[in-house]
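A.B. asks: pasting the structure only:
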């Protein structure tokens with residue numbers, strides 16, 4: 001199970017208790033979902049374990065209410081320790097984190113650095129180093145600190161098994177312990193939402209969690225705190241000073257007797273960083289939020305609308321707005337003299353509509369029926385995601401004004417032809433067809449091919 005909250009978080013005026021530990025956990029969960037689902041409205045802002053003095057000014061409460069609104073939950077700005085909002089948060093974390101670790105490209109049986117990039121600050125100097133002074137000389141630093149921004153993916157250094165965690169560690173961050181054959185690693189100061197948990201088998205190089213944000217202390221950067229143990233001792237890794245391993249000067253680490261210095265191991269692994277194909281994707285995944293919507297497809301009516309309006313053209317041509325186009329309205333990397341088969345055009349159309357659908361899911365906060373989704377995907381395919389993002393249509397729809405969509409669609413009927421802003425009959429008819437699909441699932445469509453691909457608002 002993902003780390004949960006013990007008391008309610010959110011609007012104090014509605015009785016939320018807002019204990020700092022619970023606020024920090026919820027902020028971390030919302031930040032993780034915001035990043036993995038490409039949902040900026042879920043971002044709680046600064047992870048500080050605080051709600052703020054004025055509920056309406058709280059970015060965390062705004063994020064809670066956005067989550068509730070998008071997922072058709074009661075919008076009250078409160079997350080209880082039990083109830084539909086926290087259950088939905090945990091369910092989506094499960095889905096999103098599982099998707100985030102699909103297709104680990106790293107071969108098993110090898111060892112890897114815990115990040116895809118090497119931190120700029122050395123883990124061998126200053127307070128980051130193993131054995132550095134802590135608490136005015138009362139104890140020694142028990143690991144190496146690797147400075148990277150919070151939210152950075154942490155990767156398993158080797159094949160292994162999670163033997164403990166995630167559990168609270170330090171300054172509202174968490175830790176997991178993984179047995180990697182010859183040693184046990186504690187990956188500390190990570191977020192509470194982890195891909196793995198106690199009992200799970202991990203593969204070398206796979207994602208296991210994210211760098212957390214340290215709350216209530218002043219540090220130059222968030223970090224992964226890495227500790228290593230030889231495995232010759234048993235019991236908790238953190239112990240009191242009387243039972244602790246000590247450095248050469250007799251200063252305790254407050255750690256188990258088989259504590260190891262990770263420095264040389266990290267030095268050895270810095271030439272073997274893991275591959276992370278998902279991190280290299282150029283566009284956000286933008287995953288929707290329910291199983292039936294994962295990789296949501298444009299329905300048959302939407303595909304038919306786009307195909308009939310665009311028409312199939314095996315030879316590249318300039319649309320009325322002057323954009324080189326081929327197949328079913330495909331414009332990316334098209335130039336004069338290109339040809340295409342119908343099968344190739346079908347494949348490009350599926351890819352283009354999938355991209356348009358992702359943009360709709362990323363930009364629209366309210367629930368959509370299949371036909372509403374298809375109508376907006378066709379609209380976005382034609383006018384572009386930037387136009388949708390900046391549009392009054394989007395702003396009104398995200399406020400719940402569904403009836404405004406057909407009217408706003410009807411304003412996007414212009415294109416610049418030979419330097420003159422012109423209302424095009426084909427665009428007028430397409431907008432009417434999209435509006436009809438938005439309103440009437442079985443509406444007849446009056447169609448025109450050769451749509452322009454630089455469309456302007458009236």
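C.D. replies: Nice, thanks for sending it over. Since this is a predicted model, take the numbers as computed values, not measurements.

A.B. asks: for this structure, what's the longest helix?
C.D. replies: When the chain is parsed with DSSP state H, its longest helix is helix 342-363.

A.B. asks: right, and the helix or strand after it?
C.D. replies: For helix 342-363, the following helix or strand on the C-terminal side (DSSP states H and E) is helix 370-383.

A.B. asks: Test my guess that residue 155 contacts residue 110.
C.D. replies: No - with contacts defined as C-beta atoms under 8 Å, residue 155 does not count as touching residue 110, sitting 11.8 Å away. In short, each C-beta sits where N, CA and C put it, glycine included.

A.B. asks: Common neighbours of the two, please.
C.D. replies: Contact with both residue 155 and residue 110 is made by residues residue 205, according to C-beta atoms under 8 Å, 6 or more residues apart in numbering.

A.B. asks: neighbour count winner among those two?
C.D. replies: In terms of neighbours (other C-beta atoms under 10 Å), residue 155 is the more surrounded of residue 155 and residue 110; the figures are 24 against 15.

A.B. asks: check contacts around the residue nearest to that one when sequence neighbours are not counted.
C.D. replies: With C-beta to C-beta, 6 or more residues apart in numbering as the criterion, residue 155 has its nearest non-adjacent residue at 4.6 Å, and that residue is residue 274. Contacts for residue 274 (C-beta under 8 Å, 6+ apart) come out as 106, 112, 113, 115, 116, 155, 204, 205, 206.

A.B. asks: Dump the residues you listed to a markdown table, plus pLDDT.
C.D. replies: Supplementary listing: those in a markdown table, determined by pLDDT from 0 to 100:
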| residue | pLDDT |
| --- | --- |
| 106 | 81 |
| 112 | 95 |
| 113 | 97 |
| 115 | 95 |
| 116 | 92 |
| 155 | 95 |
| 204 | 93 |
| 205 | 93 |
| 206 | 92 |
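
A.B. asks: Any of those buried? List them.
C.D. replies: Neighbour-count burial within the contacts of residue 274 applies to 106, 112, 113, 115, 116, 155, 204, 205, 206; the criterion is 16 or more other C-beta atoms under 10 Å.

A.B. asks: Run a quick check on the last one versus residue 158, I expect a contact.
C.D. replies: In other words, residue 206. No - under the criterion of C-beta under 8 Å, residue 206 lies out of contact with residue 158, with a separation of 10.5 Å.

A.B. asks: any idea how far the residue nearest to residue 5 when sequence neighbours are not counted lies from residue 192?
C.D. replies: Nearest-residue entry for residue 5: residue 22, 4.0 Å, with adjacent residues in sequence omitted and distances by C-beta to C-beta, 6+ apart. In this structure, residue 22 and residue 192 are separated by 11 Å, where distance is defined by C-beta to C-beta, to the nearest Å.

A.B. asks: Neighbour count for those two, which is higher?
C.D. replies: Residue environment comparison for residue 22 versus residue 192 gives the larger neighbour count to residue 192, 27 against 21, counting by other C-beta under 10 Å.

A.B. asks: Report the separation between the residue nearest to the more buried one when sequence neighbours are not counted and residue 190.
C.D. replies: Take residue 192 and drop its neighbours on the chain: the residue closest to it by C-beta to C-beta, 6+ apart is residue 3, 3.7 Å away. When C-beta to C-beta is the yardstick, residue 3 and residue 190 sit 11 Å from each other.

A.B. asks: Residue 349 touches residue 306, doesn't it?
C.D. replies: Yes - Residue 349 is in contact with residue 306 according to C-beta under 8 Å; the separation is 7.0 Å.

A.B. asks: For this protein, give me the ranges with low pLDDT.
C.D. replies: Within the chain, the stretches with pLDDT under 70 are 1-2, 98-103, 277-295, 441-458.

A.B. asks: Skip the chain neighbours and tell me the closest residue to residue 63.
C.D. replies: Excluding the flanking residues, the one nearest residue 63 by C-beta to C-beta, 6+ apart is residue 44, at 4.3 Å.

A.B. asks: Helix, strand, or coil at that neighbour?
C.D. replies: Applying DSSP: H, G, I helix; E, B strand; the rest coil to residue 44 yields a three-state assignment of coil.

A.B. asks: now residue 124, nearest residue through space, not along the chain?
C.D. replies: In space, and not counting its chain neighbours, residue 124 is closest to residue 263: 5.7 Å by C-beta to C-beta, 6+ apart.

A.B. asks: Show the contacting residues for that neighbour.
C.D. replies: With contact set as C-beta under 8 Å, 6+ apart, residue 263 has these partners: 123, 124, 129, 130, 144.

A.B. asks: Who does the residue nearest to the first one when sequence neighbours are not counted form a beta bridge with?
C.D. replies: Counting by C-beta to C-beta, 6+ apart, residue 144 is the residue found nearest to residue 123 once chain neighbours are left out, at 4.0 Å. For residue 144, the beta-bridge assignment (DSSP bridges) gives partners residue 226.
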